[in-house]
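Peer 1: structure for this input, please:
(one chain, ligands or ions: 1)
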Amino acid sequence: MTASQLKEISSYIDALFSRNVHHVHNRNHLIRVVENARRISMVVKPKQLEPFVLEATCLLHDITHQYYKNGLFNYLFERRLARKALTELLPQFKLNASDKRIIITAIANHPFSIPFRNLHKNGDVYTKILQDADSLDYFHPERVTAVGKKLHLPDRVVTIILRPLSRWARNHIGWFLNYPKLADLVVYDGDR
Ligand SMILES: [Fe+2]
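Peer 2: Below you'll find the model as predicted:
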C-alpha cells in the first residue's frame, strides 16, 4: 500500500465518521485503535507487517457502523456485513489483491472478543493486532460516557456504577486478548 492510498482511505473515513462524533464507534475511537495497534506491533515485532496496511485496517474496522443502521441484526451479522461493505468500498482505493484480502479478513474476524472471547490466537498477525487494539479501547472513559448518553442514564449512575464497572473490566482485559501480556499497554489518563 502506498502513502497516497492510505491518505485516501483516511480522508474517506474522516468524512464518513464526521457525521456522528458522539457515537461509540467515532473517529476518536479509530485514532485510539490505530495508536494501540502501533504500540502492539512495536512489542510483538512481527516479521512481516506492512504499517500502512495495519493503519488502513484499523481506520476501516468499524465501517459497518456507518455503512448500515445499528441494531441487533447488524451486531449479530457484523462479520458478514463487513465483508459485503468492504467488497463494495475497497475497489475505489485500487489496492492490490493481497492488501484487500488482509484488510477484509482482519476486519471480518475482529468482532466478539468481548464478551464471547471469539479470539484468533492462531490467526494472521493483522487479525490479532486489530482485534486486541480494538478490545483495549472497549472500556475507554469516552466510550463509557457515550454509552451512558445512548442509554439516557443519569450522570450519577454513570459515575457510581458504569465507571467503576468499566475500570474493573479494563483491569481484566487480558482475558479477552490474543496477546494477554499486552493488557497493560494502554494508559487511560488517570482513570485506571
Ligand atoms: Fe471498534
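
Peer 1: C-alpha from now on. contacts and neighbour counts both.
Peer 2: Noted.

Peer 1: in what helix or strand does the residue of the chain most remote from its centre lie?
Peer 2: Distance from the centre of the chain peaks at R156, with 28.3 Å (CA atoms, centre = their mean). Using DSSP states H and E, the element containing R156 is helix 155-157.

Peer 1: helices and strands around that helix, which ones?
Peer 2: The contact analysis (3 or more CA pairs under 8 Å, 6 or more residues apart in numbering; DSSP states H and E) places helix 155-157 against no helix or strand.

Peer 1: for it, give the mean pLDDT please.
Peer 2: On average, the pLDDT along helix 155-157 is 89.

Peer 1: repeat that for stretch 23-33.
Peer 2: On average, stretch 23-33 scores 90.

Peer 1: just after the helix of greatest length in the chain, pick out the following helix or strand.
Peer 2: Taking DSSP state H as the criterion, the chain has its longest helix at helix 27-44. For helix 27-44, the succeeding helix or strand toward the C-terminus, using DSSP H and E, is helix 51-60.

Peer 1: relative to helix 27-44, how tilted is that following helix?
Peer 2: 140 degrees (axes from the mean of the first three to the mean of the last three CA atoms, to 10 degrees).

Peer 1: what sits up against helix 51-60?
Peer 2: Here helix 51-60 makes contact (CA atoms under 8 Å, 6 or more residues apart in numbering) with 1-3, 6, 9-10, 13, 30-31, 33-34, 37, 99, 103, 106-107, 126, 130.

Peer 1: show me which residues of it are buried.
Peer 2: F52, V53, L54, E55, A56, T57, C58, L59, L60 (16 or more other CA atoms under 10 Å).

Peer 1: ok, R39 touching A183?
Peer 2: No. The pair R39 / A183 is not scored as a contact, 11.6 Å apart, by CA atoms under 8 Å.

Peer 1: Three-state assignment for the most centrally placed residue in the chain, please.
Peer 2: By CA atoms, centre = their mean, the chain has its centre lying nearest to D134, at 3.5 Å. With DSSP: H, G, I helix; E, B strand; the rest coil as the basis, D134 sits in helix.

Peer 1: for burial, what's the neighbour tally of the nearest residue to it once chain neighbours are set aside?
Peer 2: Distances taken as CA to CA, 6 or more residues apart in numbering place V33 nearest to D134, at 5.5 Å, with adjacent residues excluded. Per other CA atoms under 10 Å, the neighbour tally for V33 reads 27.

Peer 1: do the same with R170
Peer 2: The burial count for R170: 21, using other CA under 10 Å.

Peer 1: now do the SS call for it.
Peer 2: helix.

Peer 1: any weak-confidence spans in this structure?
Peer 2: 21-22, 187-192 (pLDDT under 70).

Peer 1: so where do the helices sit in the chain?
Peer 2: Under DSSP H, the chain gives helices at 3-17, 27-44, 51-60, 64-67, 72-76, 78-89, 97-109, 125-135, 141-150, 155-157, 163-171.

Peer 1: list the buried residues for stretch 166-180?
Peer 2: Per 16+ other CA under 10 Å, stretch 166-180 contains these buried residues: S166, R167, R170, I173, G174, W175, F176, L177, N178, Y179.
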